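**Student:** The following block contains a protein sequence and its predicted model.
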Amino acid sequence: MRQVYLDYSATTPVKKEVLEEMLPYFTEKFGNPSSLYGIGLSAKSDLNKAREKIAKLIGAEEREIYFTSSGTEADNWAVIGAARAKKAKGNHIITSAIEHHALIHTCQYLEKEGYDVTYLKVDSKGCISLEELKNSITDKTILISIMFANNEIGTIQPIKEIAEIAKSHGIWFHTDAVQALGNIPINVKELGIDMMSMSAHKIYGPKGVGALYIKKGVVIPSFMNGGAQENKRRAGTENMTGIIGFGKAAELAGANLEKHIKQVSELRNYFVKEITSKLEDVDINGDMEHRLPGNINLTFNYAEGEALLLYMDSRGISASTGSACSSASFTPSHVLSSLGIPLEKIYSSIRFTVGDFTTKEDIDYAVEEIVKIVEKLRGFSAFSKERTWCNNGNV
Amino acid sequence: MGMYNDKVMDHFMNPHNAGAMENPDAVGTYGSPVCGDMMEIQLKIENNIIVDAKFRTFGCGSAIASSSVATDMIKGKTLEEALNLTNKNFIDELGGLPGPKIHCSVLAEQAVKSAIYEYAQKNGLILDGLKGFNPDLEIDEHHEEE
């Protein structure tokens, strides 16, 4: 059976060129970058070359890139680090309601310690209001952290404007760019970003490695205590294979960026056009204009998300839902809720993300199968255009 | 390998009794705002025996499989026998459901009971199995335990 992977926002396969670059670091190039002899010194040098490649992708300086174990660690470090560093100034953090859990749960952790967090609302397109941001700033505000682009709906925030507001108030600005990296042009200097979280496995690199860009002059305490790695700011022997892979992936992402954007946005648009012309009652969630090129989030009204996913899986199609009653917590997607989408629609919503290995044939196959699946599920659904949650009896 | 066993997957992928019937003698719907699921059971009843059953469900794999197995199991049963079936019976017939999915099988039990309740109300039947049954009651915690 054909396998069609449409979940590149969840993770990406490691590109062949990336893997090839990594392999020697498992074996002959196994040296510890902290060692003061041949293979250690060359490991150190290669480590910094990888750092340079990531710096180049985002317009930063090499020494402003700090490797971490994941985008989640980078988020934790940036937010908790800023909170600790600026404790004397204040205890107020501003973020958005649609952040990744790596950010939201970190903020909740700080709230238990007495920090105040403002979660900015978003409009129906998933965008924060700059006015609301300005109005939320107090003299206790020490950090603004707004994601670059959302993982579920792909909405890209007005990062430059947010950074300007932060700067004019002398507040640090952090952004979680895990989804944006390699999908849209990013220049941290032009945008005025103080800290930015990144991850390798979303850009065809390996899992288990991320990075935090920390602008020169921004000083936060180290997150891991131990050795002097990462300029004494992130202890722990470097994940050399991962970092080398991340470097190569960043290099490829930079070189392919234009082509990537054109290719995946065309495929995504084709997918949306085909699905919406062949199926009625499909809603597009989020904003088509300020959106990551490969992302689409659709509501297949009257068909339930988990059922859709499992039926799709049985036809070799992989996508994801941030909701459904698939998790033990039964919490529907906080992102879609924040857009004002009603519950029954959230339960029918699926995120698809196309990537570099998606073909038009993949899309054609997926559309054909998805149409059949949606029609089948709608065929025995308790809901329809005439029978909605609101008028269907006892709830 | 997956979340559900083969029997659940089979009932989910190829559900029995899916759809609607013409002129049902009883209809019961039940929904859970907790997980967004909604289930409708339609019954054909002759001499207090369920001669046919159909379902329409908006819900996850567990909800659809439970609907399928519940409609299978109540067919040919008397109303009292059908009322004695609980979600536990449906789960057993399915060979088990994952813990967080148990509550979906409760929907099936409630939808069946709601349909029979409606039929009993309409026809002035007093059924032991309906004692204390309230079709508007939300699922209580006890039902959700394995």
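**Tutor:** Thanks, I have it.
**Student:** from the stretch 51-200 of chain A, which residue is nearest to chain B?
**Tutor:** In the stretch 51-200 of chain A, no residue comes nearer to chain B than residue A:152, which is 17.0 Å away by CB to the nearest CB. In short, each C-beta sits where N, CA and C put it, glycine included.
**Student:** Please verify my assumption that that residue contacts residue A:297.
**Tutor:** Yes: taking CB atoms under 8 Å as the contact criterion, residue A:152 and residue A:297 are neighbours in contact, 6.0 Å apart.
**Student:** Who are the packing partners of the longest helix anywhere in chain B?
**Tutor:** Longest helix in chain B by number of residues (criterion: DSSP state H): helix B:102-123. For helix B:102-123, the contact count by 3 or more CB pairs under 8 Å, 6 or more residues apart in numbering or on different chains; DSSP states H and E identifies strand B:26-32, strand B:37-46, helix B:61-74, helix B:79-84, helix B:87-94, helix B:141-144 as packing neighbours.
**Student:** Just confirm yes or no for the first one near chain A.
**Tutor:** Right, strand B:26-32. Yes: for strand B:26-32 and chain A, the contact criterion (CB under 8 Å from any CB of the partner chain) is met by B:29-32.
**Student:** Highest neighbour count among those?
**Tutor:** Within the residues of strand B:26-32 next to chain A, neighbour counts (other CB atoms under 10 Å in any protein chain shown) peak at residue B:30, which reaches 29 neighbours.
**Student:** Pull the contacting residues for that residue.
**Tutor:** Counting by CB atoms under 8 Å, 6 or more residues apart in numbering or on different chains, residue B:30 touches A:394, B:38-39, B:107, B:110-111, B:114, B:135.
**Student:** For it, name its beta-bridge partners.
**Tutor:** Beta-bridge partners recorded for residue B:30 (DSSP bridges): residue B:39.
**Student:** On the three-state scheme, the residue of the stretch 51-200 of chain A closest to chain B is what?
**Tutor:** Residue A:152 carries the three-state label coil when classified by DSSP: H, G, I helix; E, B strand; the rest coil.
**Student:** Nearest residue to it in space, please, no chain neighbours.
**Tutor:** residue A:335 (4.3 Å; CB to CB, 6 or more residues apart in numbering or on different chains).
**Student:** on that earlier part again, tabulate the residues of strand B:26-32 next to chain A (CSV), appending pLDDT.
**Tutor:** Rendered in CSV, the data for those read as follows (pLDDT from 0 to 100):
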residue, pLDDT
B:29, 93
B:30, 93
B:31, 87
B:32, 72
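**Student:** ok, back up a step: tell me the most buried of the helices and strands packed on helix B:102-123?
**Tutor:** helix B:61-74 (a mean of 28; mean count of other CB atoms under 10 Å in any protein chain shown).
**Student:** So that helix, near chain A or not?
**Tutor:** Yes: contact of helix B:61-74 with chain A (CB under 8 Å from any CB) involves B:61, B:63-64.
**Student:** between that helix and strand B:37-46, how many degrees?
**Tutor:** Between helix B:61-74 and strand B:37-46, the angle formed by their directions is 10 degrees, by axes from the mean of the first three to the mean of the last three CA atoms, to 10 degrees.
**Student:** Just the C-alphas of helix B:61-74, formatted as PDB.
**Tutor:** Presented in PDB, the C-alpha positions along helix B:61-74 are these (Å, rounded to 0.1, in the frame of the first residue of the first chain):
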ATOM      1  CA  GLY B  61     -12.900   4.300  17.100                       C
ATOM      2  CA  SER B  62     -14.100   3.100  20.500                       C
ATOM      3  CA  ALA B  63     -17.500   4.800  20.100                       C
ATOM      4  CA  ILE B  64     -18.100   3.400  16.700                       C
ATOM      5  CA  ALA B  65     -17.000  -0.100  17.600                       C
ATOM      6  CA  SER B  66     -19.200   0.000  20.700                       C
ATOM      7  CA  SER B  67     -22.100   1.100  18.600                       C
ATOM      8  CA  SER B  68     -21.500  -1.700  16.200                       C
ATOM      9  CA  VAL B  69     -21.200  -4.400  18.900                       C
ATOM     10  CA  ALA B  70     -24.100  -3.000  21.000                       C
ATOM     11  CA  THR B  71     -26.500  -3.100  18.000                       C
ATOM     12  CA  ASP B  72     -25.400  -6.600  17.200                       C
ATOM     13  CA  MET B  73     -26.000  -7.800  20.800                       C
ATOM     14  CA  ILE B  74     -29.400  -6.300  21.400                       C
END
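**Student:** how far away is the nearest residue to residue B:61 once chain neighbours are set aside from residue B:64?
**Tutor:** Leaving aside its chain neighbours, residue B:61 sits nearest to residue B:12 (4.4 Å; criterion: CB to CB, 6+ apart). Going from residue B:12 to residue B:64 by CB to CB, to the nearest Å gives 5 Å.
**Student:** Pull up the overlap in contacts between those two.
**Tutor:** Overlap of the contact sets of residue B:12 and residue B:64 (by CB under 8 Å, 6+ apart) consists of residue A:307.
**Student:** residue contacts, the residue nearest to residue B:61?
**Tutor:** Residues in contact with residue B:12, defined by CB under 8 Å, 6+ apart, are A:307, A:310, B:4, B:61-62, B:64-65, B:68.
**Student:** Repeat that for residue A:182.
**Tutor:** Counting by CB under 8 Å, 6+ apart, residue A:182 makes contact with A:57, A:202-204, A:249-250, A:253, A:257, A:260.
**Student:** so it is in which element?
**Tutor:** Counting by DSSP states H and E, residue A:182 is held by no secondary-structure element, helix or strand.
**Student:** And residue B:87, what's its pLDDT?
**Tutor:** With respect to pLDDT, residue B:87 has a value of 95.
**Student:** just checking, it touches residue B:97?
**Tutor:** No: look at residue B:87 against residue B:97 with CB under 8 Å: they stay out of range, at 9.1 Å.
**Student:** joint contacts of those two?
**Tutor:** Here residue B:87 and residue B:97 share the contacting residues B:66, B:105, scored by CB under 8 Å, 6+ apart.
**Student:** Which strands and helices lie in contact with the host helix or strand of residue A:262?
**Tutor:** Residue A:262 is part of helix A:240-278, with elements assigned from DSSP H and E. Counting contacts by 3+ CB pairs under 8 Å, 6+ apart, helix A:240-278 packs against helix A:16-22, helix A:38-58, strand A:282-284, strand A:295-300, helix A:360-379.
**Student:** how about the first one: buried residues?
**Tutor:** What that stands for is helix A:16-22. Along helix A:16-22, the positions that meet the burial threshold by neighbour count (16 or more other CB atoms under 10 Å in any protein chain shown) are A:18-19, A:21-22.
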